[in-house]
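**Q** Sequence first, predicted model second:
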Amino acid sequence: MTTDTQGWLSISTEGFASMNAARPPEHLIKELVQNSLDSFADEQSGRIRLSYFFAHGKVEVVCEDNGSGIDNLGDLRVVYLTNKTDSHLKRGRFGRGFKEALCIADQACVVSGSQRLEFLQENGERVCRQSRRLLPFGGTKVKMSMPWAAEVCDQLDDYFKRFLVPYRIDLEVNGSVIAARPIAHEITSSLTTEIYDTTTQSWKKPNRRTTVQLVHAGPDETPTIYEMGIPVAPVEWTMGFHCDVQQRVPMNPNRDAVQSGYPLKLHTACLPTLLDSMQPETIKEDWVGTAGRKCEEAVQRKIIDQAFGTNIARSVPKMGERQFDEDARELGVVIVNTAQTSGGFREMFKAYVPSAMQVVRKDEQEKTTEAIASGFSVSEKLITGDERSNWIIQRGGQKHVETCLSFAVWFCQQLVYSCPTPQARVTGRVALSSGSSTKFSAHWNIDNVLTLALEEQAFWLEPLGSESLAILIHEAAHAMNMHHGYDFRKEVERLAGVAASLMLKESAKIKALFPGLKRTTYQ
């Protein structure tokens, strides 16, 4: 004998119930409210009434709405069947939500239009009874008896007061209206969503342009990702805002955790809007650095400027005898140790913030360019009336200036010989510092060119005097350190000892090499 039955598979209610037994009660009841929300067309006003109470050892739940209703209540018995055209703008997926709550219930009843469908237990068996109503019900009404303890009602209270109710929907929970919350910001962005492709019979996760509404979180609320008003998972940032995404959020099958990487996409989308209201210490937090690396250049620069300031440089390791960090600090630059920041900040710093070495080298180059522009050789032929010629005459004439400069170069060369590393030969020039943007007594560039200002009378009036030698020692110390950091100061101390020894031991040689080099008076 052959027996024919409809379909291939039967679903065990008990087995399906065991799959959902561990889910929090509020997540199951949420499915009923979610279906009510989805029953309203876009921009349509609507009303939802949810009530629950503990009686006779069970939690009785009633959810009713005045939405579009259900055409065929019999479809509620078929798992993974839905008559809705799938859309990423609807919260429900495959009609699962009602069935997941139903499999936990002891009994239930659904009314819509002129139909009534009851889920009962009779003589130890689960049965369904479908009938027609004389008075049609406008919308859908669901009743369920859930085998839960009384304290579950408190959990439901805490959960549903967190809902972000769409402005056109009137949601009432146990007689109390859940008021819509004001929207602080609306942000448009392209985000991953979920949609079922009937052609390939698979779930797709395309990007769709949508609106993200930022709503202030209450003092006792964790900032949360919402899917069209329904809380899903923490947004994983330190800002006091919920993110209400106005399309489906990619989630796990239980719809209580978002797809990996999704919070980062929200952070990236919202960060440009939030930056202006963020404090520097908040901007320095890791989530900002991680999100910032995916933002546009203008946003990345703004992140750095607001968190760390504009006069900054990246720290660099000490290079031999050179400490560029110390040199940059002497220029008034704030040094940031990027090793202590997250990877996102390190990438942004590398892209937009110069290193301490770059800052110092740039400063050196600018000063060198300035000194070269104003500097000249004493032997250079100057036209009559040139201000420089007048200054040379005032400083004792060309021969005297040449002798003083030669001594300065020789003296600095002796000091540089004592450096632990080979150095370029010292050469000399003179300049009018008053003709430059920065007045100086002397200047030393990276190529060991010493420039003496004609305005600095110590070089020409008393070239062997303490004031002149002090400046020359200072300048020679730049052969090892171009700026005035800790190592530079140590080098000045060392060269002072070398200079004292030199002047003591080589006094006769100095007199022979530079005869007549003594205190000079001139008009």
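**A** Received it, and whenever you're ready, just let me know what you need.
**Q** Kindly indicate whether the nearest residue to residue 330 once chain neighbours are set aside is helix, strand or coil.
**A** In space, and not counting its chain neighbours, residue 330 is closest to residue 484: 4.4 Å by Cβ to Cβ, 6 or more residues apart in numbering. The way it works is simple: take the backbone N, C-alpha and C, and place the C-beta from them, glycine included. Counting by DSSP: H, G, I helix; E, B strand; the rest coil, the backbone at residue 484 sits in coil.
**Q** what about residue 484, how many neighbours?
**A** By the criterion of other Cβ atoms under 10 Å, residue 484 has 17 neighbours.
**Q** host element of residue 501?
**A** Using DSSP states H and E, residue 501 falls within helix 486-505.
**Q** which parts of the helix or strand just after that helix are buried?
**A** Next helix or strand after helix 486-505 toward the C-terminus (DSSP H and E): helix 507-513. Buried residues in helix 507-513, counting neighbours by 16 or more other Cβ atoms under 10 Å, are found at residue 510.
**Q** Now for the residue nearest the centre of the chain: which residues touch it?
**A** Central residue of the chain (Cα atoms, centre = their mean): residue 288, 2.1 Å from the mean position. Residues near residue 288 by Cβ atoms under 8 Å, 6 or more residues apart in numbering: 267, 271, 278, 282, 303, 307, 344.
**Q** Surely the fifth one is in a helix?
**A** Just to be clear, that refers to residue 303. Yes. Counting by three-state DSSP, residue 303 is found in a helix.
**Q** Where does pLDDT dip in the chain?
**A** The chain contains residues with pLDDT under 70 at 1-10, 80-85, 94-95, 320-321, 384, 435-438, 518-523.
**Q** continuing past the strand ranked longest in it, what's the next helix or strand?
**A** In the chain, with assignment by DSSP state E, the single longest strand is strand 125-146. Using DSSP H and E, the helix or strand that follows strand 125-146 in sequence is helix 152-160.
**Q** distance between that next one and the chain's centre?
**A** Here the centre of helix 152-160 is set off from its chain's centre by 35 Å, with Cα atoms, centre = their mean, to the nearest Å.
**Q** List the contacts of that helix.
**A** Here helix 152-160 makes contact (Cβ under 8 Å, 6+ apart) with 24-26, 29-30, 33, 50, 52-54, 59, 146, 173-174, 178, 231.
**Q** The residue nearest to residue 37 when sequence neighbours are not counted and residue 284: what is the separation?
**A** Leaving aside its sequence neighbours, residue 37 sits nearest to residue 91 (Cβ to Cβ, 6+ apart; 6.2 Å). Using Cβ to Cβ, to the nearest Å, we find residue 91 at a distance of 37 Å from residue 284.
**Q** Repeat that for residue 342.
**A** 9 Å.
**Q** Residue 237 versus the residue nearest to the centre of the chain, what's the distance?
**A** Residue 288 sits 8 Å away from residue 237, going by Cβ to Cβ.
**Q** what is in contact with the two at once?
**A** Common contact partners of residue 288 and residue 237 (Cβ under 8 Å, 6+ apart): residue 267.
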